[in-house]
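Enquirer: Sequence and predicted structure below; questions after.
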Amino acid sequence: AQSVTQLDSHVSVSEGTPVLLRCNYSSSYSPSLFWYVQHPNKGLQLLLKYTSAATLVKGINGFEAEFKKSETSFHLTKPSAHMSDAAEYFCVVSGRGTNAGKSTFGDGTTLTVKP
Amino acid sequence: DTGVSQNPRHKITKRGQNVTFRCDPISEHNRLYWYRQTLGQGPEFLTYFQNEAQLEKSRLLSDRFSAERPKGSFSTLEIQRTEQGDSAMYLCASSLDDYYEQYFGPGTRLTVT
């Protein structure tokens, strides 16, 4: 069994300030973890992924996330927000190996960036 | 590589009618997934294929829903006797294999009137 909890449904930041989107997961096995972004009327785009290599994962557009097994967390961060970062963000947990297949999405976090 | 494509992009149908959606994955991708997304929610897993074999189906996939992936290439998702509760965005994704990230198509928005 697996689940994802995105701790904030809405996050608002000012342009140029740091972004933190929080994600906790639950999994019966060693999971793969992903962050996707969805801009209005656009498809889901992969930001970054964790698949058991380095625990600090760097993604596109300056985003990164740190896998913390002890805290079962995979929070997404960016040092400086840009107006174009305003979108919906989804944390995803997926099984691997014999447990691979089904991916479970969080309910999403809406990021607003104020000028 | 043109990415994952889905057709149609929008479908309006009357309750009780049957609808079929098509998904063309990225070529060489062995895995193909179907999800449903309603407003304000994250995508919910429906089913996935490894080549032509359907390996898992969610409990969300009632008997009115059926999916196929003949020859392990494109896939179709059919909904019979549509209900208003079926109104949603239906997303298709593909991946190289189980260790790899999924690439999503633009979705098919279904409206049941």
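Expert: Cool, got the structure. Just so it is clear, the structure is predicted and the values come from calculations on it, not from any experiment.
Enquirer: For residue A:76, list the residues it contacts.
Expert: Counting by C-beta atoms under 8 Å, 6 or more residues apart in numbering or on different chains, residue A:76 touches A:19-21, A:23, A:35, A:47-48, A:63-65, A:89, A:91. Bear in mind the C-beta positions are built from the backbone N, C-alpha and C, glycine included.
Enquirer: beta partners of it?
Expert: residue A:21, residue A:65 (DSSP bridges).
Enquirer: coming back round to it: ranking the contacts of residue A:76 by neighbours, who comes first?
Expert: When neighbours are counted by other C-beta atoms under 10 Å in any protein chain shown, residue A:91 leads the contacts of residue A:76 with 30 neighbours.
Enquirer: where's the closest residue to it other than its chain neighbours relative to residue B:58, distance?
Expert: Excluding its sequence neighbours, the residue lying closest to residue A:91 (C-beta to C-beta, 6 or more residues apart in numbering or on different chains) is residue A:23, at 3.5 Å. If you measure residue A:23 against residue B:58 using C-beta to C-beta, to the nearest Å, the figure is 22 Å.
Enquirer: Show me what the spatially most central residue of chain B bridges to in the sheet.
Expert: When chain B is reduced to its mean C-alpha position, the nearest residue by C-alpha atoms, centre = their mean turns out to be residue B:34, at 3.5 Å. When bridges are called by DSSP bridges, residue B:34 pairs up with residue B:47, residue B:92.
Enquirer: show me the contacts for residue 111.
Expert: Picking chain A for this. Shown in contact with residue A:111 (C-beta under 8 Å, 6+ apart): A:11-13, A:19, A:21, A:81, A:85-89.
Enquirer: hm, I was asking about chain B
Expert: Contacts of residue B:111 (C-beta under 8 Å, 6+ apart): B:10-13, B:87.
Enquirer: Identify the bridge partners of it.
Expert: Applying DSSP bridges to residue B:111 gives these bridge partners: residue B:12.
Enquirer: do residue A:13 as well
Expert: When assigned by DSSP bridges, residue A:13 has beta-bridge partners residue A:113.
Enquirer: the strands in chain B, which residues?
Expert: Along chain B, counting by DSSP state E, strands occupy B:5-7, B:10-13, B:19-24, B:31-37, B:44-50, B:53-57, B:65-68, B:75-79, B:88-95, B:103-104, B:108-112.
Enquirer: could you say which helix or strand contains the most centrally placed residue in chain A?
Expert: Nearest to the mean C-alpha position of chain A, by C-alpha atoms, centre = their mean, lies residue A:35 at 3.3 Å. Using DSSP states H and E, the element containing residue A:35 is strand A:32-38.
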